[in-house]
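>>> One predicted model, sequence on top.
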Amino acid sequence: MAEEGPPLDPAAAEVFRRAGLYDPASPTVAERVELLAHLLERFTPEEIVAWAARSHVMGVGARAVDRPPPLISAVEAAQRAGMGVDTVASMRQALGFPVLDPTVPSMPETVVDDLATFQLGVSLYGEENTLAFARVLGWSAARISEAARAMFGRSVEATEEYRRSELEYSQANELAIAAWVQVESLMARLLAEHPLREVGFVHALMAGELRTAVSFVDLVGSTSWTEDTDPERHAAALRRFELQATVLAAEQGARVVKLIGDEAMLTAADPPQLCRVALAICDLAERDPDLPSARGAVGFGVVNARDGDYFGPLVNTVARSAKVAEPGGIVVTPDVARSLDPMQWIVDPLGPRELAGVADPVHLSRVALRELTA
């Protein structure tokens, strides 16, 4: 508990008391006074009350590190951007921010610049495509933000035996926001780098026909594993699976398209390359003491790329084929089997298999690297 410090200025104390942020009769009043005194070094009492109303009093200090811009309404944003309120609402909703009342200030004034970018996108690609891209941006930003918050929460839980005071918690928030500002800069650099590394993909996409290798790798019996495993160990093991799968893919020139619970979807230009990645992911699951075995499938052919994801008959076939593989192994479609060097790979045909959701039987083969079977 915080030591007794100098009392709050009576006028400020009254502002806080009316806002429910200060109770002189509380048993932890000294701790609250310590926090409020710290905040008063950078904010007025009215600012503290306003920021606390938008989050929490222990999150106010973070605003000194990264102050959000003033809020404006959808009506004002539309006027300043020179467009209709409905268009503003459509863009915000696509990004994941509902506009409940267009007359109430609910969005940062920087949205005016976002609307100009949105108009540019519409002029280049049409409204439907631009809204679809906005949805991808919104999903991605939300996931990154939630992951950052979860990481912060875990760091607080890790020090549960040492109870932080309100001031210490506030200061931890300030450090977290300072790190978040650096993440924003990092994302800008990543967005600039990725197109430079995927020139061939862009050319194929612009040509309207993308041929690529696709793989799905999933954990076997994940439902029972989830039910039988301590939640904390389960979460830690799943994080290891996701991180190591991403690293293995990057080392081999492949890419994790998405992680769907206990399943990873990957792509690469070269089928043998992706087979190596899929087998390596199965191997890492086998060696992890907390993970169940993994299995996967690899296919090659034409796919449809949309909104950062891949669709089409091939994707569906590969996803269904993964269930045919034995734990620790992978199966491949005929196009992939034909691409494998027999000096490096063992290819064991399994014959035609009926797959749920796939019209015709699929000829699958079980494959393994010869060097791994010696």
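Thanks, I have it.
>>> Let me see the backbone angles for S215.
As for S215, its main-chain torsions (degrees, to the nearest 10) stand at phi -140, psi 150.
>>> Quick check: it vs S365, distance?
When distance is defined by CB to CB, to the nearest Å, S215 is 14 Å away from S365. Placement of C-beta: from N, CA and C, glycine included.
>>> domain parsing for the protein?
Per automatic domain parsing, the structural domains of the chain span 10-64, 71-162, 199-372.
>>> Could you export those as JSON lines, including mean neighbour count, mean pLDDT and distance to S170?
Shown next, in JSON lines, are the domains of the chain (neighbours: other CB atoms under 10 Å; pLDDT from 0 to 100; distance: least, CB to CB, whole Å):
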{"stretch": "domain 10-64", "mean neighbour count": "17", "mean pLDDT": "89", "distance to S170": "4"}
{"stretch": "domain 71-162", "mean neighbour count": "15", "mean pLDDT": "86", "distance to S170": "12"}
{"stretch": "domain 199-372", "mean neighbour count": "17", "mean pLDDT": "88", "distance to S170": "27"}
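>>> Rebuild these as a markdown table, extending it with distance to V181.
Below are those laid out as a markdown table (distance: least, CB to CB, whole Å):
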| stretch | distance to V181 |
| --- | --- |
| domain 10-64 | 10 |
| domain 71-162 | 11 |
| domain 199-372 | 24 |
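>>> Any idea which of those domains gets closest to N173?
N173 lies closest, by CB to CB, to one member of the domains of the chain: domain 10-64, at 4.5 Å.
>>> The closest one: how far from the chain's middle?
With CA atoms, centre = their mean, to the nearest Å as the basis, domain 10-64 stands 33 Å off its chain's centre.
>>> try stretch 7-17
For stretch 7-17 - counting by CA atoms, centre = their mean - the centre lies 42 Å from the chain centre.
>>> Repeat that for stretch 318-331.
For stretch 318-331, the distance to the chain centre is 26 Å (CA atoms, centre = their mean).
>>> Give me the contacts around that stretch.
Stretch 318-331 has contacts (CB atoms under 8 Å, 6 or more residues apart in numbering) with 214-218, 220, 263, 265, 275, 278-279, 282-283, 285-286, 292-299, 333, 350, 353, 355-358, 362, 364-368.
>>> Which of these fall in helices?
Counting by DSSP state H, these place C275, A278, L279, C282, D283, A285, E286 in helices.
>>> could you pull out the strands for this protein?
71-72, 107-108, 210-219, 255-260, 263-268, 294-306, 309-311, 330-332, 345-353, 362-369 (DSSP state E).
>>> got those as JSON lines, with distance to F118 columns?
Output for those, formatted as JSON lines (distance: least, CB to CB, whole Å):
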{"stretch": "strand 71-72", "distance to F118": "16"}
{"stretch": "strand 107-108", "distance to F118": "13"}
{"stretch": "strand 210-219", "distance to F118": "27"}
{"stretch": "strand 255-260", "distance to F118": "25"}
{"stretch": "strand 263-268", "distance to F118": "29"}
{"stretch": "strand 294-306", "distance to F118": "19"}
{"stretch": "strand 309-311", "distance to F118": "22"}
{"stretch": "strand 330-332", "distance to F118": "43"}
{"stretch": "strand 345-353", "distance to F118": "47"}
{"stretch": "strand 362-369", "distance to F118": "43"}
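>>> which stretch among these comes nearest A78?
strand 71-72 (9.9 Å).
>>> From the ones in helices among the contacts of stretch 318-331, pick the one nearest S140.
When these are compared against S140 (criterion: CB to CB), the nearest one is A278, at 25.0 Å.
>>> which residues sit in contact with the closest one?
So A278 contacts S215, V217, L266, G296, A297, V298, I330 (CB under 8 Å, 6+ apart).
>>> Distance of the last one relative to T267?
For I330, the distance to T267 equals 15 Å [CB to CB].
>>> Going by distance to A176, which of the ones in helices among the contacts of stretch 318-331 wins?
The closest of the ones in helices among the contacts of stretch 318-331 to A176 turns out to be A285 (CB to CB; 32.0 Å).
>>> picking up where we left off before, could you single out the nearest of the ones in helices among the contacts of stretch 318-331 to Q119?
Of these, the one sitting nearest to Q119 (CB to CB) turns out to be A278, at 43.1 Å.
>>> thought E34 was touching E166?
Yes: with contact defined as CB atoms under 8 Å, E34 reaches E166; the gap is 7.1 Å.
>>> what's the closest of the domains of the chain to V183?
V183 sits nearest to domain 71-162 of all the domains of the chain, at 6.9 Å, using CB to CB.
>>> Distance from the chain centre to that closest one, please.
That offset, for domain 71-162, works out to 16 Å (CA atoms, centre = their mean).
>>> now do stretch 342-353
Distance of stretch 342-353 from its chain centroid, counting by CA atoms, centre = their mean, is 36 Å.
>>> next one: stretch 212-225
Worked out by CA atoms, centre = their mean, stretch 212-225 lies 19 Å from the chain centre.
>>> quick one: terminal-to-terminal distance for that stretch?
Using CA to CA, to the nearest Å, the end-to-end distance of stretch 212-225 comes out at 32 Å.
>>> What backbone torsions are found at the spatially closest residue to L219 that is not a sequence neighbour?
In space, and not counting its chain neighbours, L219 is closest to D262: 4.1 Å by CB to CB, 6 or more residues apart in numbering. Torsion angles at D262 (phi, psi; degrees, to the nearest 10) stand at phi -100, psi 10.
>>> OK, contacts around V112?
I72, A77, R80, A81.
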